[in-house]
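Visitor: Any chance you could fold what I've pasted below:
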Amino acid sequence: MSTTLFNLQLDHIVHLQHAYEQVLAKYGFDSLVIYSGHASHHFADDHAASFQTYGHFMHWVGLADIQHSWLVIEPGKKPQFYLHAPADFWHQPTQLPDEPWLSVIDVHQCAHARAPHLEGRSAVIGDIASTAPDIRQVLNAETAPDEVVRALDELRMFKTPYEVACLREANHLAIAGHEAAQAAFIGASGELDIQLAYLAASRQRESNVPYQNIIGLNGHAGVLHYQHYDITPPSQRYSLLVDAGRRFRGYCADITRTHAGPDAPAIFEEL
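Guide: Below is the predicted model:
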């Protein structure tokens with residue numbers, strides 16, 4: 001990763017710290033707590049649904065799969081990152097990248113899911129209702145008013161140079177996937193194989209895509225949110241629609257491309 005991106009990220013965190021301090025001062029809070037969220041299990045099953053970290057949490061740390069963790073923002077102090085990192089032989093322990101942003105955020109590794117200790121008047125944002133009752137009882141914070149959440153939402157609308165760089169890289173990686181998908185289509189692949197070619201070239205697992213990729217051949221391209229991948233290639237290839245993205249540090253590419261096939265009428269290519 002380039003030194004430039006690291007420097008931009010440090011500037012980005014300074015910008016967020018200043019902006020959050022202004023919001024806290026305006027609405028009379030001493031601190032703001034952000035909950036990362038966590039995956040929910042399917043009903044009557046031990047398998048969890050796909051998950052991505054709460055957007056305001058990712059705004060600070062750029063990690064899309066952090067669960068049961070907290071960020072505490074206080075004026076004039078380093079952000080406090082309470083990272084849930086259980087000692088679990090079933091799964092790979094949570095590991096943070098060795099990057100400069102860790103020098104401006106204090107990290108506390110927590111073996112068990114718990115709420116951070118707070119002083120003064122605190123506001124909390126995130127899916128707190130889904131946390132365990134004992135965590136909600138311990139958490140000394142009130143649900144952030146709509147005005148606070150709205151101010152933080154608006155803050156995410158205007159991208160810092162670091163965020164622009166992340167978006168640019170996400171699109172660069174996604175383009176590689178789209179080029180591979182087109183090549184697979186030319187090679188007479190079916191929808192599933194085109195999807196696999198996209199994932200391989202964009203260097204991501206299917207569980208990591210920012211949204212389910214749409215890979216539609218022929219009439220399937222006319223279904224706005226086509227959700228299947230046929231295994232067998234069609235006998236005739238009129239067209240391919242690829243609506244697929246890539247995530248980079250929490251920032252997502254979203255690219256849609258349509259390609260004419262060898263059996264497409266000439267009018268299709270002219271349009």
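
Visitor: Without its sequence neighbours, what residue ends up closest to Glu179?
Guide: For Glu179, ignoring the flanking residues on the chain, the nearest one in space by Cβ to Cβ, 6 or more residues apart in numbering is Ala201 at 6.8 Å. Bear in mind the C-beta positions are built from the backbone N, C-alpha and C, glycine included.

Visitor: residue contacts, that neighbour?
Guide: Contact analysis of Ala201 by Cβ atoms under 8 Å, 6 or more residues apart in numbering lists 176-177, 179-181.

Visitor: Quick one, grab the pLDDT at it.
Guide: Listed pLDDT for Ala201 reads 98.

Visitor: Next SSE downstream of the helix or strand hosting it?
Guide: In this assignment (DSSP states H and E), Ala201 forms part of helix 191-202. Sequence order places strand 214-217 as the next helix or strand after helix 191-202, per DSSP H and E.

Visitor: Does anything pack onto that next one? Which helices or strands?
Guide: For strand 214-217, the elements it packs on are helix 191-202, strand 239-248, judged by 3 or more Cβ pairs under 8 Å, 6 or more residues apart in numbering; DSSP states H and E.

Visitor: and Ser235, helix, strand or coil?
Guide: With DSSP: H, G, I helix; E, B strand; the rest coil as the basis, Ser235 sits in coil.

Visitor: I should have written Ser189 there, sorry.
Guide: Classification of Ser189 using three-state DSSP returns coil.

Visitor: So what's the predicted local confidence for it?
Guide: 96.

Visitor: Quick one: residues contacting the closest residue to Glu142 other than its chain neighbours.
Guide: In this structure, Glu142 finds its nearest non-sequential neighbour in Ala123, 6.0 Å apart by Cβ to Cβ, 6+ apart. Going by Cβ under 8 Å, 6+ apart, Ala123 touches 24, 27, 29, 31-33, 141-145, 148.

Visitor: sorry, back to before: now do the helix holding Ala201: distance to the chain's middle.
Guide: 20 Å (Cα atoms, centre = their mean, to the nearest Å).
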